[in-house]
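K.L.:
give me coordinates for this.
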Amino acid sequence: MRRVLPCIMATLVMVATVGAAPATKGPRSSKSAPPKPEKPYQIGRASWYGKPFHGRTTASGEPYDMFQFTAAHRYLPLGTWVKVTNLRNGKSLMVRINDRGPVPESRIIDLSYGAAAMLEFRHAGVEQVRLDLVTPQMVAAAQNLGGE
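P.N.:
Here you go, the predicted model:
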């Protein structure tokens, strides 16, 4: 009896300690959530992708058309419109996010060939750009100016 009582007490203490431990909500993921932009714009390096991907399915499910003004971004919602400004020459245009990427962590956006050509990317294919989020009202106004 002398040995049973300490064993029972130790078991009760252990159960009480485990029961008081904070519960975790679901499994922890090693991947962090996409960063939330602190500013309504982003500045960084942009690249472009073209012919090897032409016709392949994008993250949005549509085929990639290297001549459309589209882009790949890591976390902006698919369908988001972004104004991209080439900081070397000041040229800008609006692109629609329809894919995920870019693969290199050092870049913030991967533009379609057509968009990069309009922004006059140098032969190296990488430029410093500014991304500004575009509201649906701005997209509609731009389409009205285009005669659609």
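
K.L.:
can you give me the helices in the protein?
P.N.:
4-20, 113-118, 136-145 (DSSP state H).

K.L.:
and the ones you listed, which one is worst for confidence?
P.N.:
For the helices of the chain, mean pLDDT drops lowest on helix 4-20, to a mean of 45.

K.L.:
leaving out sequence neighbours, find the closest residue to residue 59.
P.N.:
residue 100 (4.3 Å; CB to CB, 6 or more residues apart in numbering). Every C-beta, even on glycine, is put in place using the N, C-alpha and C of the backbone.

K.L.:
same check on residue 132?
P.N.:
Nearest one to residue 132, counting by CB to CB, 6+ apart, is residue 83 at 4.3 Å.

K.L.:
right, and that neighbour touches residue 139 too?
P.N.:
No - counting by CB atoms under 8 Å, residue 83 sits too far from residue 139 to count as a contact (10.1 Å).

K.L.:
more neighbours: which of these two?
P.N.:
A direct count of neighbours by other CB atoms under 10 Å for residue 83 and residue 139 places residue 83 higher, at 17 against 13.

K.L.:
specify the beta-bridge partners of the more buried one.
P.N.:
Note on residue 83: beta-bridge partners by DSSP bridges are residue 94, residue 132.

K.L.:
that one and residue 61, how far apart?
P.N.:
Counting by CB to CB, to the nearest Å, the separation of residue 83 from residue 61 is 24 Å.

K.L.:
repeat that for residue 91.
P.N.:
30 Å.

K.L.:
same check, this time on residue 101
P.N.:
According to CB to CB, residue 101 and residue 61 sit 15 Å apart.

K.L.:
what does residue 82 give?
P.N.:
For residue 82, the distance to residue 61 equals 19 Å [CB to CB].

K.L.:
so where's this structure uncertain?
P.N.:
1-39, 146-148 (pLDDT under 70).

K.L.:
so which residues of it form strands?
P.N.:
Secondary structure of the chain (DSSP state E): strands at 41-49, 70-72, 81-86, 92-99, 107-112, 127-134.

K.L.:
correct me, but residue 91 touches residue 121?
P.N.:
No - in this structure residue 91 lies outside contact range of residue 121 using CB under 8 Å: 9.8 Å.

K.L.:
the two: which is more packed in?
P.N.:
residue 121 (22 against 14).
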